[in-house]
Every structure is written in C-alpha cells, then in structure tokens.
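Engineer: structure of the sequence below:
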Amino acid sequence: MTTATEAGKAKKSFKMPTVYTILFIIIALVALLTWIMPAGKYDYIVNGTDQVIPAAEVLDYDGGERLLPIPGSYQELESSPQGFIDVLMAPIKGFHKAVDVALFVLVIGGFLAVTMRTGAMDSGVAAIVRKFHGREQMMIPVLISLFALGGSTYGMAEETVAFWAVILPVMAAAGYDRMVAAGIILLGSGVGVLASTVNPFATGIASGFAGLPIGEGIGLRVIQLIILIVLASWFVMRYASKVKADKSHSVLADIEFNDEFSHVKEDTGEFTTKQKLTMGVFFGAFLVMIYGVIPWEDMGITAIPTLWWWFDELSTLFLASAILIAIINRMSEGDFIKTFLEGAKDLIGVALVVAVARGIYVVMDNGVIIDTILNWAEGVVTGLSSGVFVVVTYFVHIVLSFFIPSTSGLATVSMPLMAPLADFSGIGRDLIITAYQSASGWINIFAPTAGHLVAGLALAKIPYERFLKWVMPFVIMVLAVTVVTLFAGAAMA
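Structural biologist: Model prediction:
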C-alpha cells in the first residue's frame, strides 16, 4: 500500500469530534488564556438602581440582581490562572450553576414523550390532511404553519421524521414531487426554530444565561416568525404549482423512485375528543408559559399582572401538564412514569451539553478574564451603530454554529459574553438572543449535520445535493430577512 493511499484512507476516516469534545477543548484553551491574559473587572451597577459595585468587590457580590458593566471602568486585578484540575472540575461546577436549566430540559423531555405517546400529534396532522383532501395546494401553508408553530414553541425538529410517511403520499396523489413534502416539513419546522418565540432549548436556555425572562423580545420574534412562514409558504407553493403544471420543472425529474409513497395510505383513525383535549393541553402549556414569562409591567401594561416566572415555575408547569395529559388519556401510573423517564433520558445529552458548556464560563469567571475579553470587545464595538452591531453579532453566531452545532451548547457558551456586549452598544440583550437563535436556526435549515434533515431526505430518497440546490435561494432570502429584522429591531430599541 502506497503512502498516498494510506493518507487517502486516513483522510476518509477522519470524523468530526462530538460537541462534548469540542467544548472540553474550548475549556482547556480558555484555561490556557487565564495564564496569558491579565485578570480584570469592570465596576458594575445593580440593574434598576443607582448602586455601584466596585470592581474589587464584584466577585464577592451575591445580591441576586442582574449587574450591568459600566463602560470605561475596567481595571486589572490579581491574576488567577486555572490549572488541569480546574479544567476537569469545570463541567461539574458548570452543572451546579446550570442545574435549573438542566432540570427544565429533562422535564420538557418527559412532557414531550408523554404527549407523543398518546398519538395526538400524529392524528392531528392526519386530520388536517384528510380535511384538505383535493385542496392540497391550500394545505401547504396550513402544514407549514403547523410545523413552524412546533419549531417555534418547543424546537420541533427530530419529531418531524415521523410525518414524512403521512405527507409524502398525499403530495404524490396531488401531483407534486417529493421536494414539496420536503419543503413543507423541513422549511416549516426550520423557520419555526429560527424564529423561536419560547423554544426552551434555544430561547429558554439563552435567556437564562443572559439573565432575562424568556418572553422579553417576543414581539420581534413573532413578527420574524410570521414573515418567514409567509416566505416559506410562497416558496413551496410556487414550486408546487410549477411541478404540477409541468413535471419537467421538478428538480427530481430525472430520478426514478420506488412507488412506496405514490399512493395515499388508508388512515381510518379519527382525531378523537381525547386527542383534541391532549393537544389543547399541549399548546395551552406553551401559552401559559408565554403569559408567565412576559414582563408585562416593564412593557407598560399594568392591567396584566406579571408573574415573573423562572425555570422552577416553568418546570412545574410542564410537569403538571404531562400529568394532566396522562389523566386525559387514562395512562396507568407505571406507563406514565416509564414514558416520562424515557423522554427525560432522551434529553440527558442536552442537559449535559449545557453543563459542559457552562464549564467554559466557570473557568473564565474563576480566572477573572471575562471582563478582560469584554474590555477588548468594548473597544471593537465602540463607534458601531446598534443596528450594525447586532448584525455583526448574527454573523459571529453563524460562524460559531459551525463549530458548536448544539443549540443549547451554543447558547450556554455565547450568552455570558455576548449579552453584556449589548449593554455597551445600548441595545437590549433580547436582541442578542434573537441574533443567536436566528443564526443557529439558519444553519440548520440546510446543514448536513442536522440529523432530522438527513434522516428525512434519506427516508424520501432525495439526494442531499438536490435539496441543497433547491433550497439555496430560500436560504439566501431568509438570511436577508433576518438581517433586516434584526437591524430594524435595533433601530426601534
């Protein structure tokens, strides 16, 4: 075997490390920085008051209120380099600091599992398909909106794989190709995740580490969601019309498929009253969550009492909702516990990502270099308009998304640093959260690392490169829309 052949094999066998390894490497690099960079702190002011905490006393402050750095007050302090043991302990300490978020993730996992176990979600989509039989063109925006709602509220992505077998034959019977089904499922859920309103795995985790209620900034995200739903519906419907009028316009015209999805499958199951109640509780839980986390008083709406809910209250809400769904569906106690634990188990990886990623912050905090980095960044953003700054933040998060594909991991890594930068630029931290989740969501619309995308395309036997070619104009349009909405949000701040 030649050296060139061996090199070729080695190159082919290279595999991208998991997000955990990437985060551990970042922890080690950050620890190294604590030996190189000077330690330092800003003076801070307690949010909503005139109380100033001097730099030397910030590390000992434990008042519970959010602190805002005072621009221009940075001063160097005694160095506190982090060693090998500190690197190993960082994820453990990170879990302590993120335990409320991690527990919330596990409860959400149990809640979703119990809901999916009832079959109500599948039956709901099937009911919509039956209702629009013969009017499939009008069904496209309805289904896109439904998937977008799921993506925006609870990060619906992997769950979409189950719906390909329902939607593919319906689109085939209506005279469309498989790419129409791909557009409905992937673009619908994709724009929903991008424009997350209360998605606990994106907005929730990012808000927690930015020190904001989840509902802060929801207005702009709702506007963004509506615009993107309309854009996705137009894009898919336009393509569907062209394909139905002339099959040669299909981007899959030269590919022969088996006929496993060529006929509508018989579905005698009805969307029962029990299942309707289940979906009412499911979406009702998210509506209650929205009400509980929006700071109505800060928005000047005094007629609506502000609950100031945080992760403990939200975990309780979804636990109670899971129990109510189990009661509605007459689940046995053993079946409920088993299903809930299985759902929580499926999201243990997410909870651990949050803990490991939080370890980066722990090392930076203990090494007293967070404010040193902020001081450097303050110099970079000084002079930038708020609109330009938030757009730059968006593109920075796009780059970070390539290296940290985990939505929750990216939020945990970036928010402790990026959110305070908003204070220097005179914009709300909620805009930084919107920029982060928009960037992560944009990447996952077309990235081959998105598991649900690859699985769905494989199920439908659609070559990834064909999907990429088809979706790229939409991806560019989404990029433009996101930049404009972020810029406009900063201008209105």
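
Engineer: alpha carbons only for contacts and neighbour counts from here, please
Structural biologist: Will do.

Engineer: can you confirm Tyr61 is in a strand?
Structural biologist: No - counting by DSSP: H, G, I helix; E, B strand; the rest coil, Tyr61 falls outside a strand, being coil.

Engineer: show me what contacts it?
Structural biologist: Contact analysis of Tyr61 by Cα atoms under 8 Å, 6 or more residues apart in numbering lists Ile53.

Engineer: ok, Asp100 - how many residues close by?
Structural biologist: Neighbours of Asp100 under the rule other Cα atoms under 10 Å: 16.

Engineer: okay, how far is it across stretch 165-185, tip to tip?
Structural biologist: End-to-end distance of stretch 165-185: 11 Å, with Cα to Cα, to the nearest Å as the criterion.

Engineer: what does it rub up against?
Structural biologist: 126, 129, 134, 136, 140, 143-144, 147, 160, 163-164, 232-233, 236, 239-240, 243-244, 250-252, 261-265, 456-457, 460, 462, 467.

Engineer: and if you look at stretch 241-255?
Structural biologist: Residues outside stretch 241-255 that contact it (Cα under 8 Å, 6+ apart) are Gly175, Tyr176, Asp177, Arg178, Met179, Ile462, Arg466, Trp470.

Engineer: TSV for the residues you listed, including pLDDT, distance to Ala210 and neighbour count?
Structural biologist: Formatted as TSV, those follow (pLDDT from 0 to 100; distance: Cα to Cα, whole Å; neighbours: other Cα atoms under 10 Å):
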residue	pLDDT	distance to Ala210	neighbour count
Gly175	82	48	18
Tyr176	89	45	25
Asp177	90	44	23
Arg178	92	41	25
Met179	95	39	26
Ile462	90	40	18
Arg466	93	39	12
Trp470	96	37	17
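
Engineer: which members of those are the farthest-apart pair?
Structural biologist: Gly175 and Arg466 (19.4 Å; Cα to Cα).

Engineer: at the geometric centre of the chain, which residue do we find?
Structural biologist: Taking Cα atoms, centre = their mean, the centroid of the chain lies closest to Ala202, which sits 3.4 Å from it.

Engineer: so is it in a helix, a strand, or just coil?
Structural biologist: Three-state assignment for Ala202 (three-state DSSP): helix.

Engineer: repeat that for Ala31.
Structural biologist: Following three-state DSSP, we place Ala31 in the helix state.

Engineer: let me see the contact set for it.
Structural biologist: Taking Cα under 8 Å, 6+ apart, we find Ala31 in contact with Pro81, Gln82, Gly83, Val87, Val363, Met364, Gly367.

Engineer: try it again with 7 Å
Structural biologist: Contacts for Ala31 (Cα atoms under 7 Å, 6 or more residues apart in numbering) come out as Gln82, Gly83, Val87, Val363.

Engineer: chain neighbours aside, what residue packs nearest to the second one?
Structural biologist: In space, and not counting its chain neighbours, Gly83 is closest to Ala31: 6.8 Å by Cα to Cα, 6 or more residues apart in numbering.

Engineer: try the first one
Structural biologist: Leaving aside its sequence neighbours, Gln82 sits nearest to Ala31 (Cα to Cα, 6+ apart; 5.3 Å).

Engineer: just to revisit the earlier point, so which of the contacts of Ala31 belong to helices?
Structural biologist: Val87, Val363 (DSSP state H).

Engineer: identify each buried residue in the helix or strand where Leu400 lies, please.
Structural biologist: Assigned by DSSP states H and E, Leu400 belongs to helix 386-403. Of the residues in helix 386-403, 386-395, 397-398, 400-401 count as buried by neighbour count, 16 or more other Cα atoms under 10 Å.

Engineer: and the least confident of the residues you listed?
Structural biologist: Lowest pLDDT of those: Leu400, 79.

Engineer: which residue packs closest to that one, ignoring adjacent ones?
Structural biologist: With sequence-adjacent residues excluded and distances taken as Cα to Cα, 6+ apart, Leu400 is closest to Leu410, at 7.4 Å.

Engineer: which intervals of the stretch 51-200 of the chain have sub-threshold pLDDT?
Structural biologist: Counting by pLDDT under 70, the stretch 51-200 of the chain shows low-confidence ranges at 63-64, 66, 162.

Engineer: what ranges does it have for its helices?
Structural biologist: In the stretch 51-200 of the chain, the helices defined using DSSP state H, counting those that start in this stretch lie at 55-58, 84-97, 99-117, 120-131, 136-154, 164-173, 178-182, 188-194.

Engineer: rewinding a little: so which two of the contacts of Ala31 are the farthest from each other?
Structural biologist: Using Cα to Cα, the contacts of Ala31 span at most 9.5 Å, a distance reached by Gly83 and Val363.

Engineer: what's the end-to-end length of stretch 113-125?
Structural biologist: Stretch 113-125: ends 17 Å apart by Cα to Cα.

Engineer: what does that stretch contact?
Structural biologist: So stretch 113-125 is contacted by Glu270, Phe271, Gln275, Thr278, Met279, Ala322, Ile325, Asn329, Phe336, Thr339, Phe340, Gly343 (Cα under 7 Å, 6+ apart).

Engineer: what separates the last one from Glu256, distance-wise?
Structural biologist: Summarising the geometry, the distance separating Gly343 from Glu256, computed by Cα to Cα, is 38 Å.

Engineer: okay, these two: which has more neighbours?
Structural biologist: In this view Gly343 and Glu256 are compared by other Cα under 10 Å, and Gly343 has more residues nearby, 22 against 7.

Engineer: any idea how far Phe235 is from the more buried one?
Structural biologist: Gly343 is 35 Å from Phe235, by Cα to Cα.

Engineer: got it, and Asp62?
Structural biologist: Distance from Asp62 to Phe235, by Cα to Cα: 52 Å.

Engineer: which one's more surrounded, these two?
Structural biologist: The neighbour count for Asp62 versus Phe235, taken as other Cα under 10 Å, is higher for Phe235 (17 against 7).

Engineer: for Thr485, which non-adjacent residue is closest in space?
Structural biologist: Counting by Cα to Cα, 6+ apart, Thr485 lies nearest to Gln224, which is 6.8 Å off, once chain neighbours are set aside.

Engineer: hang on, that neighbour packs against Ser196?
Structural biologist: No - under the criterion of Cα atoms under 7 Å, Gln224 is not in contact with Ser196, lying 9.2 Å apart.

Engineer: neighbour count: those two, which is higher?
Structural biologist: Between Gln224 and Ser196, counted using other Cα under 10 Å, the more crowded position is Ser196 (32 against 24).

Engineer: which ones are touching the more buried one?
Structural biologist: Ser196 touches Gly151, Ser152, Thr153, Thr203, Arg221, counting by Cα under 7 Å, 6+ apart.

Engineer: include neighbour count and distance to Ala419 when you put those into a markdown table, please.
Structural biologist: Listed next are the contacts of Ser196 as a markdown table, based on neighbours: other Cα atoms under 10 Å; distance: Cα to Cα, whole Å:
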| residue | neighbour count | distance to Ala419 |
| --- | --- | --- |
| Gly151 | 27 | 24 |
| Ser152 | 28 | 21 |
| Thr153 | 24 | 22 |
| Thr203 | 31 | 13 |
| Arg221 | 25 | 17 |
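
Engineer: so the residue nearest to Leu400 is in which element?
Structural biologist: helix 407-425.

Engineer: just checking, what packs against the next helix or strand after that helix?
Structural biologist: Later in the chain than helix 407-425, the nearest helix or strand by DSSP H and E is helix 429-446. Applying 3 or more Cα pairs under 7 Å, 6 or more residues apart in numbering; DSSP states H and E, one finds that helix 429-446 contacts helix 188-194, helix 205-210, helix 386-403, helix 407-425.

Engineer: so which of the ones you listed comes closest to Thr21?
Structural biologist: For the helices and strands packed on helix 429-446, proximity to Thr21 was assessed by Cα to Cα; helix 386-403 is nearest, at 11.2 Å.
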